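# have a look; sequence and predicted model below, questions after that.
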Amino acid sequence: MRVLWVTNIPTASASKLLGEPPSPFGGWVQGSLAGIARSGRVKVTVAFPGEGTVRLLGTDGGVEYVSFTPIGRRAAGVRGRDVAAQVIDLCRPDVVHLHGTQLPHSASFAAVAAGRGI
């Protein structure tokens with residue numbers, strides 16, 4: 001099973017792939033990811049807003065990391081759905097899990113996933 005986790009900040013592993021210091025927030029996400037990756041039954045991709053366009057950053061600990069163009073409130077419409085569609089096309093998930101559903105990019109990912117029956 002392929003799972004796409006959409007977060008609002010990079011995890012410590014993603015920060016390492018970016019060559020940046022890790023955020024002191026979201027440690028529980030990193031711990032959850034490690035447990036799921038160890039199961040061997042689920043392929044997890046974590047996507048989060050970063051600089052530039054949609055890009056695959058790499059893999060760390062069995063988890064794949066993707067950054068995407070930030071989606072603000074004003075861009076959550078068509079442009080936001082286009083960005084979300086690019087990430088979903090890249091990852092081909094069976095399930096999309098949204099962390100931070102109050103954020104504009106979550107609405108874009110939810111709309112695209114629902115439209116595709118994910």
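Arrived safely.
# from here on, contacts and neighbour counts on C-alpha atoms
Will do.
# how about residues contacting the worst-scoring helix or strand of the chain on mean pLDDT?
Counting by mean pLDDT, DSSP states H and E, the chain has its least confident helix or strand at helix 27-39, which shows a mean of 77. Outside helix 27-39, the residues within contact range by CA atoms under 8 Å, 6 or more residues apart in numbering are 11-13, 42-44, 61-63.
# among those residues, which ones are buried?
11-13, 43-44, 62-63 (16 or more other CA atoms under 10 Å).
# quick one: those as TSV, columns for distance to L4 and pLDDT too.
What follows is the buried ones among the contacts of helix 27-39, written out as TSV (distance: CA to CA, whole Å; pLDDT from 0 to 100):
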residue	distance to L4	pLDDT
T11	14	85
A12	17	81
S13	16	83
K43	9	91
V44	6	92
G62	13	85
V63	10	89
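# what distance do you get for P70 to L56?
15 Å (CA to CA, to the nearest Å).
# the more surrounded of those two?
Each of P70 and L56 has its neighbours counted (other CA atoms under 10 Å); P70 has more, 20 against 16.
# for R38, see how far away that one is.
30 Å.
# next: V66.
Distance, V66 to R38, by CA to CA: 20 Å.
# looking at the two, which is more packed in?
Higher neighbour count among V66 and R38: V66, with 23 against 13, using other CA under 10 Å.
# wait, the more buried one touches V46, no?
Yes: counting by CA atoms under 8 Å, V66 touches V46, with 6.2 Å between them.
# give the buried residues for stretch 66-83.
For stretch 66-83, by 16+ other CA under 10 Å, it's 66-71, 76-77, 80-81, 83.
# ok, of those residues, which one's closest to R2?
For the buried residues of stretch 66-83, the minimum distance to R2 (CA to CA) is 14.0 Å, reached by V66.
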